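[1] need a structure here:
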Amino acid sequence: MKTRDAIVCGNGSSVSTRVTAENFIMFMPGGINEITPSQSKKAVTVAVNVTAKSAVAIQKQFEVLMADGKKPFFSMGEDSHASDIAAFWPSRFFWATRKDVTGKMATGIWCEGEWSDDGKLAVEGKRFRAFSPTFFVDAVRADVDNPSEVICEADAKPNMGALVNDPAFTKNSPLWCRAAGDETMIAREVHDELVASGQKNVTLAGLRSAIFAKHHINLEPAEIARQLMTKK
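    Numbers count the residues shown, from 1 in each chain. Sure thing, here's the model as predicted:
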């Protein structure tokens, strides 16, 4: 029987300046997430329902791999070379609401484990700020009213995710947080950059997307408006 193709999220969760690589990573944020990952090297749009049941499926995936003699790992990236280099060695997956590196309470599938020397250096050196999981679903569905469900796949490969800087799960907690004050005028700076590049009518939605694309931060509309109204 043909094995399902894994969902690879090259667009995830964030990893913690004193940047210190913590031993907990958010694997997937809870709730229904609309993402555009790749499957069989093609972009697909998926609505994924992430619940406590999903955490059970991911933990089962981990246990199946271990029983088969395949030690699961997170890689240093998603290209052909980096995908074979371990950044993090998971030891368990679980559903929880816990404080992330930004100090906010975040609910979802969390992973506990140990960093490799390369992974620890990459995070603490700020080479990567986010994480993207590799997982399987029962079927690819984009309907938020009938979302895809996370499942355990018996024939999965041991690479269960990768460090990235452009995560699919925009609600995933980062791997490290910015210094206090770093975000106080980001909206103003990005807005001015867009105007300088020739954009005459910068919308709030467009500005919010540009902020996330550059800084991997989801600023609330009210905060963006506050920053734009603040005099330089």
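
[2] by contact count, what packs against the one helix or strand residue 213 maps to?
    Using DSSP states H and E, residue 213 maps to helix 204-215. Applying 3 or more C-beta pairs under 8 Å, 6 or more residues apart in numbering; DSSP states H and E, one finds that helix 204-215 contacts helix 186-196, helix 221-229. For every residue, glycine as well, the C-beta is placed using N, CA and C.

[3] what bridges to residue 137?
    In this entry, residue 137 is beta-bridged to residue 150, by DSSP bridges.

[4] these two touch, right, it and residue 58?
    No: in this structure, residue 137 is not within contact of residue 58 by C-beta atoms under 8 Å, at 11.7 Å.

[5] shared neighbours of these two, which are they?
    Common neighbours of residue 137 and residue 58, using C-beta atoms under 8 Å, 6 or more residues apart in numbering, are residue 150.

[6] higher neighbour count, the two?
    residue 58 (27 against 22; other C-beta atoms under 10 Å).

[7] hang on, isn't that one packed against residue 151?
    No: assessed by C-beta under 8 Å, residue 58 is found out of contact with residue 151, at 9.4 Å.

[8] need the contact partners of the helix holding residue 213.
    166, 170, 183, 186-187, 190-191, 194, 199, 217-219, 221, 224-225.

[9] skipping adjacent residues, who's closest to residue 77 in space?
    Of all residues not flanking residue 77 in the chain, residue 162 sits nearest, at 5.6 Å (C-beta to C-beta, 6 or more residues apart in numbering).

[10] could you spell out the sheet neighbours of the helix or strand harbouring the one you found, each with its direction?
    Per DSSP H and E: residue 162 is located in strand 159-164. Take DSSP bridges as the rule and strand 159-164 pairs in its sheet with strand 73-75 (parallel), strand 130-137 (antiparallel).

[11] for the shortest one, list every residue counted as buried.
    Within strand 73-75, the residues scored as buried using 16 or more other C-beta atoms under 10 Å are 73, 74, 75.

[12] again, but for stretch 32-42
    33, 35, 37, 38, 39.

[13] quick revisit: among the helices and strands packed on helix 204-215, show me which one is buried the most.
    Greatest average neighbour count among the helices and strands packed on helix 204-215 goes to helix 186-196 (a mean of 16), per mean count of other C-beta atoms under 10 Å.
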